[in-house]
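In: I would like the atomic coordinates for the input below:
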Amino acid sequence: MSDSKVLPISFTQYKGFLEENTLSKNKKLSNQIKEVGKKIATAVDLFMRANNMVSEANSYQWDFNLIEDKKVNAWCMPGGKVVFYTGIMPVCLNENGVAAVMGHEVAHALANHGQQRMSAAIIQQAGAAGIAAVTNDKSSKEQNLWMKAYGAGTSVGGMLPFSRSHESEADMIGLTLMAIAGYNPDTAIAFWERMAAQSAGQSPLVFMSTHPSNATRIAKIKELIPLAKAEAAKFGVTFK
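Out: Predicted coordinates for the structure are as follows:
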């Protein structure tokens, strides 16, 4: 799915979301989201232009908002529309935590994960149509069994692992972005440890999850931090 098709949809959906939800009245936290967002956006712009992605950098229309909602969640839509829910703020705890989440969520947009998932969904729908066609002469019971088998196969074998790879890629890019923005990526470990504690006893098996397990993610982040710092150093940002 090209940006020319995805971005108008993204911006329209974002506008509708803001109209249907309540902005937080906590000015301190709302301003924190916007201030960290501006720094991360600057890092994205520097990173993209340094990697010959000028047209892509020019397509971003950044906006950062904090929504009154108890869910522990945050996201970034294609084109730079970022939302944090108030429920995640205690887990973020501080500006470094916000930067860790912001970097990760913006990384999804930077890596075109939204476009890729939309494309994958189209392929999945096409496959379902194919199954329906080749089982057209079967009984309705047999057709249902085939469709259920196809759905389970594409979810566990295809769509979920695809999403897990997106999460891992976003971790790497997110650490780099927060480092370029001046936030020490070492502080991301503490955020993910708090997130692990928040979800203790609630996480599904890794095989059935769109996210890596907490332990796997934290271990991998520790490995990626030196790489993120090395990338930031290219932009003149160093850490002790």
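In: longest helix in this protein, please.
Out: For the chain, the longest helix by residue count, based on DSSP state H, is helix 27-50.
In: next secondary structure after it?
Out: helix 54-58 (DSSP states H and E).
In: which of the three states applies to G174?
Out: helix (DSSP: H, G, I helix; E, B strand; the rest coil).
In: so how far is A190 from it?
Out: Counting by C-beta to C-beta, to the nearest Å, the gap from G174 to A190 is 15 Å. In short, each C-beta sits where N, CA and C put it, glycine included.
In: with I88 instead?
Out: Look at I88 and A190: by C-beta to C-beta, they are 15 Å apart.
In: more crowded one of these two?
Out: Neighbour comparison, I88 and A190: the larger count goes to I88, with 21 against 14 (by other C-beta atoms under 10 Å).
In: contacts only, for A181.
Out: Residues near A181 by C-beta atoms under 8 Å, 6 or more residues apart in numbering: V36, K39, I40, T42, A43, A99, G103.
In: derive a ChimeraX selection command for the buried subset of the residues you listed.
Out: In ChimeraX syntax, the buried subset of the contacts of A181 is picked out as below (16 or more other C-beta atoms under 10 Å):
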select :36,39,40,43,99,103
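In: would you map out the domains in the chain?
Out: Each domain of the chain is listed here as a residue range: 3-92, 114-233, per automatic domain parsing.
In: quick one, strands of this protein?
Out: In the chain, the strands defined using DSSP state E lie at 63-67, 74-77, 81-85.
In: for the last one, name the packing helices and strands.
Out: To tie it back to what came earlier, the one meant is strand 81-85. With contacts taken as 3 or more C-beta pairs under 8 Å, 6 or more residues apart in numbering; DSSP states H and E, strand 81-85 sits against helix 3-20, helix 27-50, strand 63-67, strand 74-77, helix 95-110.
In: most tightly packed of the ones you listed?
Out: Ranked by mean neighbour count, these are led by helix 95-110 with a mean of 25 (mean count of other C-beta atoms under 10 Å).
In: now do it: which elements does it pack against?
Out: In this structure, helix 95-110 makes packing contacts with helix 27-50, strand 74-77, strand 81-85, helix 89-92, helix 160-180, helix 187-198, judged by 3+ C-beta pairs under 8 Å, 6+ apart.
In: so for the second one, what's the average pLDDT?
Out: Here the mean pLDDT over strand 74-77 is 87, rounded to a whole number.
In: same question, the fifth one
Out: On average, the pLDDT along helix 160-180 is 77.
In: next one: the first one
Out: This predicted structure assigns helix 27-50 an average pLDDT of 96.
In: contact partners of it?
Out: With C-beta under 8 Å, 6+ apart as the criterion, helix 27-50 contacts 23-24, 54, 56-57, 60, 62, 64-66, 80, 82, 84, 86, 89, 95, 98-99, 102-103, 106, 110, 176-178, 180-183, 234-235.
In: rerun that using 6 Å as the cut-off
Out: 24, 56-57, 62, 64, 66, 82, 84, 89, 98-99, 102-103, 106, 177, 180-181, 235 (C-beta atoms under 6 Å, 6 or more residues apart in numbering).
In: A179 and E35, how far apart?
Out: Separation of A179 from E35 (C-beta to C-beta) stands at 17 Å.
In: low-confidence ranges in this protein?
Out: For the chain, applying pLDDT under 70 flags the ranges 1-4, 112-166, 200-213.
In: go with 90
Out: For the chain, the stretches with pLDDT under 90 are 1-14, 51, 53-60, 71-81, 105, 107-172, 195-218, 240.
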